[in-house]
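**Q** All I have is the shape, not the residue letters:
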C-alpha cells in the first residue's frame, strides 16, 4: 500500500468520522440543505481559485456535466439526507446508518460486472455485522422521514461513487472542485425551495462550519476521490465502517455519549473487516486510471 493511499484512508476514516458531530453542531445555526449548500459551494470556490492560480485547464462540457451529476448524487442526496436526519437522530446513529454504504456499493458494482472477490465479501459481511452490533443498543426509532433519509443517503452516495468509475470525469482536484461546487448550488436551491432560513448563527456553528469546509470538504473529499480512482471499491468505501467508531468516540468525549462493552465488540469486528479489505491483494487499481486527485508540486 502506497503512502498516498494510506494517508488518504486515514483522512476519510478520521476526518469524516468526526464530521458527523461537526454537522450536528453546525445545525444549531444552519438548516440542513443550506448548510450543505454553503459548505460545498465555499469549498468548491476555494479549490477552483487554487486551480485558477495553478493555471489548470478547464475540462470539456461532458466531463463538467458528469462531475455535476455525480456531485449532486453525493452531496445533495447522499450528504443532504444525512444532515436532514441529524435533526432527529444523534451523530453516531447517523454514522452507523451510513455504514451499509459498502454493501450498496457492492450491489452497484455487480451491475457493471465488478463484484467483490474472495475475502472482500468476508470483510463486507463482518463490517455489516459490526455495524448491527454497534447499533443494536441505540434508539433508531426516529421520525419516518428521517429513517427514509438514512436509507436513501447510502444508496445514493454509493451509486454515485461506483457510477463515477464508468464516466469520463475531470482530472485531479478539478474533479472534486466541480462536484462539490455544483452539488453545493443544487443543495442550496433545495434548501430555498423547502423554505429554509438562517436567522442566528452562534460561534460554535461557525467553527463547525469552517471545520467541515476545510477538513471535511477540501481535504477528506479530495482524498476520497483519489481512493475511488486508484483502489478497489470495497477499500474506498471502507471508511463507512470506521466512521461510526470515530463518531462514537468523538460523541463520547465532546458530547457525553456512553461507550459500553457492546460498542467495543462492534469496533473489534469492524477493525477485522477493515484489515480484510486492506490486505495487499485487495488494494488493486481499476483498469482505467486518471491523474491523482491530490495536488502535487
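**A** Right, received. Where do you want to start? Note that the structure is a prediction, hence the values are computed from the model and not measured.
**Q** Which stretches in the stretch 101-250 of the chain count as helices?
**A** Counting by DSSP state H, counting those that start in this stretch, the segments of the stretch 101-250 of the chain that form helices are 101-111, 119-135, 144-164, 172-193, 203-211, 221-230, 233-236, 239-255.
**Q** wait, which of those helices is closest to residue 35?
**A** Closest approach to residue 35 among the helices of the stretch 101-250 of the chain is made by helix 203-211 (7.3 Å; C-beta to C-beta). Bear in mind the C-beta positions are built from the backbone N, C-alpha and C, glycine included.
**Q** ok so, going back, closest one to residue 20 among the helices of the stretch 101-250 of the chain?
**A** Short answer: helix 239-255, nearest of the helices of the stretch 101-250 of the chain by C-beta to C-beta, at 4.4 Å.
**Q** which secondary structure elements does the closest one contact?
**A** Here helix 239-255 touches helix 16-26, helix 91-97, helix 101-111, helix 119-135, helix 261-277, going by 3 or more C-beta pairs under 8 Å, 6 or more residues apart in numbering; DSSP states H and E.
**Q** just to revisit the earlier point, compile the helices of the stretch 101-250 of the chain into CSV and extend it with columns for mean pLDDT, distance to residue 34 and mean neighbour count.
**A** Formatted as CSV, those follow (pLDDT from 0 to 100; distance: least, C-beta to C-beta, whole Å; neighbours: other C-beta atoms under 10 Å):
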stretch, mean pLDDT, distance to residue 34, mean neighbour count
helix 101-111, 82, 24, 19
helix 119-135, 73, 29, 20
helix 144-164, 87, 16, 20
helix 172-193, 96, 4, 23
helix 203-211, 97, 11, 16
helix 221-230, 92, 19, 25
helix 233-236, 84, 29, 24
helix 239-255, 83, 23, 22
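**Q** Just confirm residue 196 contacts residue 33, I think it does.
**A** Yes: in this structure, residue 196 is within contact of residue 33 by C-beta atoms under 8 Å, at 5.9 Å.
**Q** Please say which of the two ends up with more neighbours.
**A** A side-by-side neighbour count of residue 196 and residue 33, using other C-beta atoms under 10 Å, places residue 33 first with 24 against 16.
**Q** For that one, give me phi and psi.
**A** Backbone torsions of residue 33, given as degrees, to the nearest 10, read phi -80, psi -30.
**Q** Next one: it from residue 17, what distance?
**A** For residue 33, the distance to residue 17 equals 23 Å [C-beta to C-beta, to the nearest Å].
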